[in-house]
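Sequence unavailable; structure follows:
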């Protein structure tokens, strides 16, 4: 008997949470009897190599994506290539005898339409809350009609989308794919990275790690730094991450320029670092982890920071409330609420509170977040999809349910 074949489709060109989930779950999925083929844009050779080493077959394809822009050329390009993308995905699915199609991402509509055209079971993953609320409501309702299983990156994502509460039996949340063994407090690593970055032992480093994109909203960190600078707190701020080609102008105007404008670079009060070493090294440089995103899912980097034993200040987005427990291992604040975030940070000037919350962070990460838990949820989703049925079956069920209301 041949293994069921899974076609996972990713449209995002830059390595991020979508790719990490695939990388860190594929070996377990293969051992559980599924073969995974991944279709995605390959921006560099290392991306393809990482996925192939994880046991995936990689098919490079540049799929068009809806963009957050009023540029008519981008909209026209999306409209022109959308149908051909669906046709190509259908051909790939037929050629590879695919059993299940997995659409990774809310806006990833081409694999959804391909699954419907081929009448295959659809697993639709919602990874982020980046889309405006009306779009999340509309697509949530669409998923409730077409998907055999909807996977959400954490339970907190369910109420942030429309239509999902009424299909509770087809919702499967999953945690961040965290390799706990890689992340821990290491005094020697801490000494080395802080020495390389020029931080003294007595500095309390408030750090973030993430790509320099608008979703990470790192300009909020600059505003927070301004609020606490003149209060005699021992904080220094580190913004670490690599640039995104499509967000260079954003980062310059909202982060880099204000740091210079407000004199925050004096005394290395706020600094920007490229990500040149692994996350487990970078996170050891921090005393507090801060995440100011306007949109997230399960937030792998927050889970990694927690496993490193850091207290967390994060915006209340995505599934962050699943893992950041108020006044236990950190604090949650509304998006762009600089005053609330600054007040939370002032509390963490207390070293005993930082130590207590950091210890709790580590405990939560070890007990409830792991790559294996994430992978098991994926295998369960695929098994359910095979049992539940195709897009046509789901539409028939939806029509019957509608007729009984």
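Sure thing, it's come through. Everything numeric here is computed off the predicted structure, so don't read it as measured data.

Tell me where the stretch 101-250 of the chain has helices.
109-118, 133-146, 187-197, 219-229, 248-251 (DSSP state H, counting those that start in this stretch).

and those as a markdown table, adding mean pLDDT and distance to residue 316?
(C-beta placed from N, C-alpha, C; glycine too.) A markdown table is the format used below for the helices of the stretch 101-250 of the chain (pLDDT from 0 to 100; distance: least, C-beta to C-beta, whole Å):
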| stretch | mean pLDDT | distance to residue 316 |
| --- | --- | --- |
| helix 109-118 | 96 | 28 |
| helix 133-146 | 92 | 14 |
| helix 187-197 | 97 | 29 |
| helix 219-229 | 94 | 13 |
| helix 248-251 | 93 | 22 |
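
residue ranges with poor pLDDT in the protein?
1, 68-70, 391, 397-405 (pLDDT under 70).

longest single helix anywhere in it?
helix 72-95 (DSSP state H).

and the angle for it with helix 109-118?
In terms of direction (axes from the mean of the first three to the mean of the last three C-alpha atoms, to 10 degrees), helix 72-95 departs from helix 109-118 by 40 degrees.

Can you give the contact residues for helix 72-95?
7, 9, 37, 39, 59, 61, 63-67, 98, 101, 109-111, 113-114, 117-118, 120 (C-beta atoms under 8 Å, 6 or more residues apart in numbering).

Mind doing that once more with 10 Å?
When contacts are defined by C-beta atoms under 10 Å, 6 or more residues apart in numbering, helix 72-95 is touched by residues 5, 7, 9, 11, 37, 39, 59, 61-69, 71, 98-101, 103, 109-118, 120.

give me the number of residues near residue 182?
Neighbour count of residue 182, defined by other C-beta atoms under 10 Å: 12.

swap in residue 109?
21.

give me every residue that touches residue 234.
Residues 200, 202, 203, 204, 205, 287, 349, 351 are the ones in contact with residue 234 under the rule C-beta under 10 Å, 6+ apart.

just the buried members of these?
Neighbour-count burial (16 or more other C-beta atoms under 10 Å) is assigned, among these, to 203, 204, 205, 287, 349.

The third one: what's it in contact with?
Shown in contact with residue 205 (C-beta under 10 Å, 6+ apart): 190, 193-194, 197, 199, 234-238, 271, 285-289.

how close does it get to residue 273?
In this view, residue 205 and residue 273 are 11 Å apart by C-beta to C-beta, to the nearest Å.

which residues are common contacts for those two?
193, 197, 238, 285.

quick one: the second one and residue 274 touch, right?
Looking back up the chat, that one is residue 197. No - if you go by C-beta atoms under 10 Å, residue 197 and residue 274 don't touch, sitting 11.4 Å apart.

so how many other residues sit close to residue 97?
10.

what's the closest non-adjacent residue to it?
Counting by C-beta to C-beta, 6 or more residues apart in numbering, residue 5 is the residue found nearest to residue 97 once chain neighbours are left out, at 5.9 Å.

What lies in contact with stretch 335-343?
217, 219-228, 231, 233, 290, 292-295, 313-317, 331-334, 344.

Could you report the distance from residue 135 to residue 104?
Counting by C-beta to C-beta - residue 135 and residue 104 are separated by 17 Å.

the more surrounded of those two?
For residue 135 versus residue 104, the count of surrounding residues by other C-beta under 10 Å is larger for residue 104: 25 against 15.

Now do the contacts for the more buried one.
With C-beta under 10 Å, 6+ apart, residue 104 has these contacts: 8-12, 17-19, 21-22, 38-40, 111, 123-127, 151.

Just the buried ones among the contacts of residue 205, please.
Neighbour-count burial within the contacts of residue 205 applies to 190, 193-194, 197, 199, 235-238, 271, 285-289; the criterion is 16+ other C-beta under 10 Å.
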